[in-house]
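A.B. asks: I would like to see how this sequence folds:
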Amino acid sequence: MKALLYKEGAPHLCEVPLPEPGPGEAVIAVEACGLCGTDLMKLSTQAAAAVLGHELCGRVARVGAGVQGLREGDRVAAAHHVPCGDCHYCRHGNVSMCRQFKATNVYPGGFAEYVRLSALHVPHTALKISDSLDAAAASQMEPLACCLRNAKRSRVAEGDAIGIIGLGSIGQLTARLLSKVFGAVVFGLDLDERRAAALVGYGRGYTKTETFEDAARCATAGRGLDAVILSAGTPQLAAHAVGWLRDGGTLNVFAGFHPDPVMPLDLNAVYHRELTVVSSYSPALEDLREALEFIVSGRVDVTFADQRVYGLERFNDAVADVRARRVTKAILAPLVEARR
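C.D. replies: Numbers count the residues shown, from 1 in each chain. Got it, this is the predicted structure:
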């Protein structure tokens with residue numbers, strides 16, 4: 001089968017053996033796998049032993065001995081990390097810090113014709129879906145679940161005024177989730193006019209910092225935003241965003257910052273204004289199930305007007321198009337004819 005493997009500092013489309021399911025495992029024929037910002041970060045930083053692709057949807061091709069609840073022909077949306085549920089981190093609600101969570105992954109990665117799910121994945125992160133659910137939409141279970149956990153960790157409440165910096169796919173999904181599920185009022189900031197305009201129906205999008213600041217100030221009677229979510233930006237902008245918060249507000253870090261991750265932070269402002277700095281990295285199992293329900297019900301739309309589907313052989317094109325902001329979301333579809 002064909003699979004994209006990261007070797008010698010670059011992705012390569014390779015021919016590899018079809019994975020065999022062991023006891024409790026399943027092999028999935030991949031229908032769709034979304035290209036994530038984490039994949040782009042791994043490529044940019046030339047991360048050692050990087051596994052590419054984790055926003056998965058597919059059909060069960062084979063199951064190993066002892067598998068219960070799944071059979072050949074079932075469709076699933078799947079995620080790549082499985083927490084143990086019992087360690088110190090899990091008991092404290094920090095499941096994405098669980099050592100098992102960090103050690104688990106799908107094999108050989110989601111950008112492949114077939115993927116093996118381990119005996120840990122099958123009962124916990126392979127969630128059955130109907131034949132009628134669009135594969136590209138189903139593949140967005142995991143990123144939407146990331147946004148959901150982030151909203152929970154930021155304690156977003158109905159009527160809160162939330163700023164989102166960076167309106168790529170994660171910023172857009174966050175806006176839709178906060179608006180449609182949490183009942184928040186969303187203000188988005190992005191340099192790209194198309195992405196700012198795409199916030200219509202979910203919030204107000206701006207391309208200029210001054211206009212964004214004025215709108216947020218007016219809408220909150222000068223109080224400031226309840227939270228600012230950084231899904232992109234620079235350390236300098238992150239430091240500036242502290243000034244957009246209301247007293248008692250939350251600065252939320254929801255992205256990696258490369259190559260410069262260091263920001264100056266006014267600790268006196270944090271102390272005297274009782275500000276909270278919080279981050280969120282990856283979802284818990286219950287977030288996956290809840291996010292999939294939002295997708296199935298149509299409560300959160302996870303598709304984008306400029307979304308594009310690519311075959312594995314066009315992986316580099318997909319990366320280039322996302323980096324150049326020609327598309328908001330690129331979907332790799334290994335077993336179907338790619339469509340532009």
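A.B. asks: the stretch 101-250 of the chain: helices as residue ranges?
C.D. replies: 121-124, 135-138, 141-153, 169-177, 193-197, 209-219, 235-241 (DSSP state H, counting those that start in this stretch).
A.B. asks: tell me which of those helices lies nearest to residue 321.
C.D. replies: With C-beta to C-beta, the closest approach to residue 321 among those belongs to helix 169-177: 12.5 Å. Backbone N, C-alpha and C define where each C-beta goes, glycine included.
A.B. asks: other SSEs contacting that closest one?
C.D. replies: helix 141-153, strand 161-165, strand 185-189 (3 or more C-beta pairs under 8 Å, 6 or more residues apart in numbering; DSSP states H and E).
A.B. asks: please identify the deepest-packed of the ones you listed.
C.D. replies: strand 161-165 (a mean of 26; mean count of other C-beta atoms under 10 Å).
A.B. asks: hang on, the earlier thing: out of the helices and strands packed on helix 169-177, which comes closest to residue 311?
C.D. replies: Taking these one by one with C-beta to C-beta, helix 141-153 is closest: 21.2 Å.
A.B. asks: can you tell me what sits against that closest one?
C.D. replies: The contact list for helix 141-153 (C-beta atoms under 8 Å, 6 or more residues apart in numbering) reads 34, 36, 54-57, 77, 79-80, 127, 169-170, 173-174, 177-178, 181-182, 229, 252, 254, 278-284, 287-288, 290-292, 294-295, 300, 302.
A.B. asks: so it versus strand 161-165, what angle?
C.D. replies: Here the directions of helix 141-153 and strand 161-165 differ by 130 degrees (axes from the mean of the first three to the mean of the last three C-alpha atoms, to 10 degrees).
A.B. asks: of all the helices of the stretch 101-250 of the chain, which lies closest to residue 65?
C.D. replies: Here helix 121-124 is closest among the helices of the stretch 101-250 of the chain (C-beta to C-beta), at 11.9 Å.
A.B. asks: and the closest one, what's buried?
C.D. replies: By neighbour count with 16 or more other C-beta atoms under 10 Å, helix 121-124 contains the buried residues 121-122, 124.
A.B. asks: what does stretch 237-249 give?
C.D. replies: By neighbour count with 16+ other C-beta under 10 Å, stretch 237-249 contains the buried residues 237-238, 240-242, 244-246, 249.
A.B. asks: circling back to that earlier point, adding distance to residue 323 and mean pLDDT, write the helices of the stretch 101-250 of the chain out as TSV.
C.D. replies: TSV is the format used below for the helices of the stretch 101-250 of the chain (distance: least, C-beta to C-beta, whole Å; pLDDT from 0 to 100):
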stretch	distance to residue 323	mean pLDDT
helix 121-124	30	98
helix 135-138	20	98
helix 141-153	18	98
helix 169-177	13	98
helix 193-197	14	97
helix 209-219	23	97
helix 235-241	19	94
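A.B. asks: between the ones you listed, which gets nearest to residue 3?
C.D. replies: Per C-beta to C-beta, nearest to residue 3 of these: helix 121-124, 17.4 Å.
A.B. asks: restricting to C-alpha, output that closest one in CSV.
C.D. replies: The C-alpha coordinates for helix 121-124 follow below in CSV (Å, rounded to 0.1, in the frame of the first residue of the first chain):
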residue,chain,number,x,y,z
HIS,A,121,-7.5,2.7,20.1
VAL,A,122,-10.3,0.3,19.0
PRO,A,123,-12.5,0.5,22.1
HIS,A,124,-11.8,4.1,23.0
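A.B. asks: tell me which residue lies nearest the centroid of the chain.
C.D. replies: Centroid-nearest residue in the chain, with C-alpha atoms, centre = their mean: residue 143, separated by 2.7 Å.
A.B. asks: for residue 222, see how far away it is.
C.D. replies: 35 Å (C-beta to C-beta, to the nearest Å).
A.B. asks: for residue 136, same thing?
C.D. replies: From residue 136 to residue 222 the distance is 42 Å (C-beta to C-beta).
A.B. asks: so, low pLDDT: which residues of the chain?
C.D. replies: 336-340 (pLDDT under 70).
A.B. asks: what about 90?
C.D. replies: 7-9, 45-49, 258-260, 334-340 (pLDDT under 90).
A.B. asks: what is the neighbour count of the nearest residue to residue 241 once chain neighbours are set aside?
C.D. replies: What sits nearest to residue 241 in space, not counting adjacent residues and going by C-beta to C-beta, 6 or more residues apart in numbering, is residue 228, at 4.5 Å. Neighbour count for residue 228, taken as other C-beta atoms under 10 Å: 29.
A.B. asks: what sits opposite residue 228 in the beta ladder?
C.D. replies: Counting by DSSP bridges, residue 228 is bridged to residue 163, residue 251.
A.B. asks: ok, it - contacts?
C.D. replies: Taking C-beta under 8 Å, 6+ apart as the definition, contacts of residue 228 comprise 162-165, 241, 244-245, 249-252.
A.B. asks: which of those sits closest to residue 335?
C.D. replies: residue 164 (34.5 Å).
A.B. asks: now that closest one: how far from residue 5?
C.D. replies: 34 Å.
A.B. asks: kindly report the same for residue 33.
C.D. replies: Distance from residue 33 to residue 5, by C-beta to C-beta: 14 Å.
A.B. asks: show me which of the two is the more surrounded one.
C.D. replies: The neighbour comparison of residue 33 against residue 5 (other C-beta under 10 Å) goes to residue 33, with 31 against 17.
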